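Undergrad: Coordinates for the following, if possible.
(chains A and B)
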Protein chains: 2
Amino acid sequence: MDLVTIDDIRAAADRIHGTAVRTPLMPCPWAGTDRPLWIKPESLQPTGAFKIRGAHNAIARLSEQVRRRGVVAYSSGNHAQALAYAARQAGVPAHIVMPDVTPAVKIDNTRAFGAEVVLVPIAERESAAHALADELGATLVPPFDHPDIIAGQGTAGLEIVADLPEVDVVLVPVSGGGLASGVGTAVKALRPGATVIGVEPALAADTQESLAAGQRVDWSIERRVRTIADGLRSQPSELTFAHLRGVLDGVIAVSEDEIRDAMRVLATRARLVAEPSGAVPVAAYLHHADAFPAGRTVALVSGGNVDPALLAGVLGERESAGSQ
Amino acid sequence: MDLVTIDDIRAAADRIHGTAVRTPLMPCPWAGTDRPLWIKPESLQPTGAFKIRGAHNAIARLSEQVRRRGVVAYSSGNHAQALAYAARQAGVPAHIVMPDVTPAVKIDNTRAFGAEVVLVPIAERESAAHALADELGATLVPPFDHPDIIAGQGTAGLEIVADLPEVDVVLVPVSGGGLASGVGTAVKALRPGATVIGVEPALAADTQESLAAGQRVDWSIERRVRTIADGLRSQPSELTFAHLRGVLDGVIAVSEDEIRDAMRVLATRARLVAEPSGAVPVAAYLHHADAFPAGRTVALVSGGNVDPALLAGVLGERESAGSQ
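TA: Numbering: from 1, shown residues only, chains lettered A, B, ... in the order given. The predicted model follows:
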């Protein structure tokens, strides 16, 4: 299987320039001195998550002729909005297939980016998206299972090493594995001595179990939906798992309480609104630092699309003993 | 009176490189298309506000010999923490004089940056700071009334024009006027056709009245403390007022409800935690767009140090009719 290379990621970085925000590394003076912390706030991207990197790269890779027939995605989350946004930027028509139970606000947001939203019963969304792409001659852009997506997400890793060449540890969320594959590939290519750790909810820790087993282990969707981290309920594909085996030094699983604590710390100390999925690397930093080496640590906050009521609730909670 | 020049600001930019975060401009796809909006999130600075720019520049301008005797500030707010942080980065001792009624968390935060905190009765803080500086042979670093502070804050304006050379409108908070003076000077020098608007709370709208009168008008501190925007209760000095007269095209005064609305919009749409003072430019964008020209608009979010209970309360409020 061909894996994404640092050259693929460098080429993606040239393509996404001007569409994705060049997010800074934020030093965190409130963090421990033996593990100085920087945050990479991907929540600042125009649609509130890193997904714009992969979506834009995938579209930019299409020929003019293919592009004109449009793109299709099935997603109700950050990938849908990212693809709609990137398509509009590129002047490409976009159809987003969503379950008919999707909250109206997410449908409206996606439509606001100029995408056509197609509502179908949840069980049919994948088949409906394929059928629609066939009918339109459009290109289906998957959320993670594609080299162009992995290379696009990897540009965040390129930026981390460019801004902090002496980085020791990178903490990155893992779910479908597109982000962790790309970031890990970039970091390991440019700073081979750095440790790259995937972070996932303990309630959806299929990747931790899969890497330990040396092969993909399937967790039922019923198990995975239990976590509040709604962006981390997917599982790696064959392609992303092949990357993760090569680039991850380990996986940390964090509890739901740790995720909420990290959201609160991010809001009050780093002044960032993070969604639960985006907060997991900071949860690992705050509560599982014994599981990775000391040194200059970067936590990638992948997104900030959170229900305001959940954020308000988290802000009302008491600081836990584990956080500093 | 000598005013700060674009060359002073450029020199400051060289000095602060590596201490202040190079904040990005965030495109806001949720904003109106006739007034596309970008946010400059200074809340991402290490101490949560733009103040690090001026504080670092002021320290860097001191000679090695003067520096060794340390710096002093009187402030319980963002300037105190910024000076403490910048001093530690430069290896310079810092004394911060605070009112003895300062909340413990602010005292602790300032001490955590290695500064010596001196608590005095609130009425004595200015005189105590001067006496302490004299006693130590240390340099008093004021929050806004100094060319090095103005030049430092102006680096944010330099970055705005570098990232968006075709900017049409810049909205910036105004209080003591260091930030608005510096940003206005930079923007007017590099993009003379751009409109620069100061924004302040209607409950502390002394600058609006002063500019209309052509001279500084004093509002009692009792009037100014009514606003929740606790970082915008100061008044321009002779020096900053001279700058503001030259560089501001107008001042917009926003209501307390509009400030709360902007905080909510920033958290939910831009995924940023803004303090009330930091949210006023977005309040002007959302509720007073008729007061400035259409075109490419930048709102500078100056800081994010807010009481979590206030933020939680704001998140529970209903979206107002005025915001989109």
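Undergrad: so what's the residue in the stretch 1-150 of chain A that chain B sits nearest to up against?
TA: Nearest residue of the stretch 1-150 of chain A to chain B (CB to the nearest CB) works out as A:Ser43 at 4.5 Å. Every C-beta, even on glycine, is put in place using the N, C-alpha and C of the backbone. With contacts defined as CB atoms under 8 Å, 6 or more residues apart in numbering or on different chains, the neighbours of A:Ser43 are A:Ala49, A:Leu272, A:Val273, A:Ala274, A:Glu275, A:Gly278, A:Val301, A:Ser302, A:Gly303, A:Gly304, B:Arg271.
Undergrad: Would you mind confirming that the second one makes contact with B:Ala270?
TA: No: the criterion here is CB atoms under 8 Å, and A:Leu272 misses it with B:Ala270 at 10.6 Å.
Undergrad: Now the element after the helix or strand bottoming out on mean pLDDT in chain A, going C-ward?
TA: Least confident helix or strand, chain A: helix A:104-112 with a mean of 87, by mean pLDDT, DSSP states H and E. Toward the C-terminus, helix A:104-112 is succeeded by strand A:116-120 as the next helix or strand (DSSP states H and E).
Undergrad: Look at A:Ala73 and tell me its secondary structure.
TA: Under DSSP: H, G, I helix; E, B strand; the rest coil, A:Ala73 falls in the strand class.
Undergrad: so it touches A:Ala86, yeah?
TA: No: using CB under 8 Å, A:Ala73 makes no contact with A:Ala86, being 10.4 Å away.
Undergrad: Do me a favour and get the end-to-end distance for stretch A:17-33?
TA: Taking CA to CA, to the nearest Å, the first and last residues of stretch A:17-33 lie 34 Å apart.
Undergrad: now stretch A:293-301
TA: 20 Å.
Undergrad: From A:Arg69, how far off is A:Leu37?
TA: 45 Å (CB to CB, to the nearest Å).
Undergrad: Show me which of these two is the more surrounded one.
TA: Neighbours were counted for A:Leu37 and for A:Arg69 using other CB atoms under 10 Å in any protein chain shown; A:Leu37 has more, 26 against 15.
Undergrad: Give the closest residue to the more buried one in space, chain neighbours not counted.
TA: A:Ala31 (3.6 Å; CB to CB, 6 or more residues apart in numbering or on different chains).
Undergrad: Now do the one you found: how many residues are near it, please.
TA: For A:Ala31, the count of nearby residues is 22 (other CB under 10 Å).
Undergrad: which residues in chain A form strands?
TA: Taking DSSP state E to define them, one finds strands in chain A at A:26-28, A:37-41, A:71-74, A:94-99, A:116-120, A:139-140, A:169-173, A:195-201, A:250-254, A:297-301.
Undergrad: how big is the angle separating the lengthiest helix in chain A from strand A:195-201?
TA: Under DSSP state H, the helix in chain A containing the largest number of residues is helix A:147-163. With axes from the mean of the first three to the mean of the last three CA atoms, to 10 degrees applied, the angle from helix A:147-163 to strand A:195-201 works out at 120 degrees.
Undergrad: What are the boundaries of the helices in the stretch 201-324 of chain A?
TA: Taking DSSP state H, counting those that start in this stretch as the criterion, the stretch 201-324 of chain A contains helices spanning A:206-213, A:221-224, A:238-247, A:256-269, A:276-287, A:308-315.
Undergrad: winner for burial among those helices?
TA: Most buried of those, by mean neighbour count (mean count of other CB atoms under 10 Å in any protein chain shown): helix A:276-287, with a mean of 29.
Undergrad: Does that helix reach chain B?
TA: No: interface with chain B: helix A:276-287 contributes nothing (CB under 8 Å from any CB of the partner chain), its closest point being 9.0 Å away.
Undergrad: possible to save the strands of chain A as a markdown table with mean pLDDT?
TA: A markdown table is the format used below for those (pLDDT from 0 to 100):
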| stretch | mean pLDDT |
| --- | --- |
| strand A:26-28 | 97 |
| strand A:37-41 | 98 |
| strand A:71-74 | 95 |
| strand A:94-99 | 94 |
| strand A:116-120 | 95 |
| strand A:139-140 | 97 |
| strand A:169-173 | 98 |
| strand A:195-201 | 98 |
| strand A:250-254 | 98 |
| strand A:297-301 | 98 |
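Undergrad: which parts of the stretch 101-250 of chain A sit against chain B?
TA: A:Ala112, A:Phe113.
Undergrad: buried sites along stretch A:211-220?
TA: Applying a neighbour-count criterion of 16 or more other CB atoms under 10 Å in any protein chain shown, the buried positions in stretch A:211-220 are A:Leu211, A:Arg216, A:Trp219.
Undergrad: Do me a favour and get the end-to-end distance for it?
TA: Start-to-end, stretch A:211-220 (CA to CA) is 17 Å.
Undergrad: Ok, stretch A:66-85 next?
TA: Stretch A:66-85 has an end-to-end distance of 18 Å (criterion: CA to CA).
Undergrad: And for stretch A:162-182?
TA: One end of stretch A:162-182 to the other measures 15 Å (CA to CA).
Undergrad: Any idea what A:Ala49 is bridged to?
TA: A:Gly303 (DSSP bridges).
Undergrad: residues in contact with it?
TA: Per CB under 8 Å, 6+ apart, neighbours of A:Ala49: A:Glu42, A:Ser43, A:Asn78, A:Gln81, A:Ala82, A:Gly231, A:Glu275, A:Gly278, A:Ser302, A:Gly303, A:Gly304, A:Asn305.
Undergrad: got it, and A:Pro41?
TA: By CB under 8 Å, 6+ apart, the contact list for A:Pro41 reads A:Thr23, A:Pro24, A:Met26, A:Ala270, A:Leu272, A:Val301, B:Leu44.
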